[in-house]
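Asks: below: sequence and its predicted model.
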Amino acid sequence: MNYDPKSLIGEVMNVKGLVDYQEGSVVSRMVTNKKAGTVTVFAFDAGEGLSEHSALFDALVIGLEGEAEIPIGGEIHIVKEGDMLIMPANVPHAVNPITKFKMILVLIHE
């Protein structure tokens, strides 16, 4: 489903439909990109993920579908549909899907 980011304000949408799985890939769609932060929806094929990295700002992950292992500073967290996890700024983290996995990532800039 194609969404024009300018037309999203005030519209009800199915967030799971913003991105589709692609074999062997990570797919993302930025929903909003403002000075105060960003909101991005991701779809990870099973076995595809994001390698360990850190961010300058806190990040909020909201699980939409499937299941992923998200290590933060060496501690492993399992995130599933309906779960929320806050990843603190400047602490290494990764996203390792256990199954196909969709999530929302919210970065709040200071």
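Replies: Perfect, I can see it now.

Asks: CA only for contacts and neighbour counts going forward, please
Replies: Noted.

Asks: got a pLDDT number for the spatially closest residue to D83 that is not a sequence neighbour?
Replies: Among residues not flanking D83 along the chain, G63 sits closest, at 5.3 Å (Cα to Cα, 6 or more residues apart in numbering). Note on G63: pLDDT of 98.

Asks: what bridges to G63?
Replies: Taking DSSP bridges as the rule, G63 bridges to M103.

Asks: what's the burial count for F57?
Replies: If you count neighbours by other Cα atoms under 10 Å, F57 ends up with 16.

Asks: with adjacent residues omitted, what lies nearest to it?
Replies: Nearest to F57 is A89, by Cα to Cα, 6+ apart, at 4.4 Å.

Asks: and the one you found, how close does it get to E110?
Replies: Distance, A89 to E110, by Cα to Cα, to the nearest Å: 11 Å.

Asks: between those two, which has more neighbouring residues?
Replies: Each of A89 and E110 has its neighbours counted (other Cα under 10 Å); A89 has more, 15 against 9.

Asks: the more buried one belongs to a helix?
Replies: No: going by DSSP: H, G, I helix; E, B strand; the rest coil, the assignment for A89 is coil, not a helix.

Asks: test my guess that it contacts H53.
Replies: No: judged on Cα atoms under 8 Å, A89 makes no contact with H53 at a distance of 10.6 Å.

Asks: shared neighbours, A89 and E110?
Replies: With contacts defined as Cα atoms under 8 Å, 6 or more residues apart in numbering, the residues shared by A89 and E110 are F57.

Asks: go ahead and confirm L50 touches A94.
Replies: Yes: L50 is in contact with A94 according to Cα under 8 Å; the separation is 5.5 Å.
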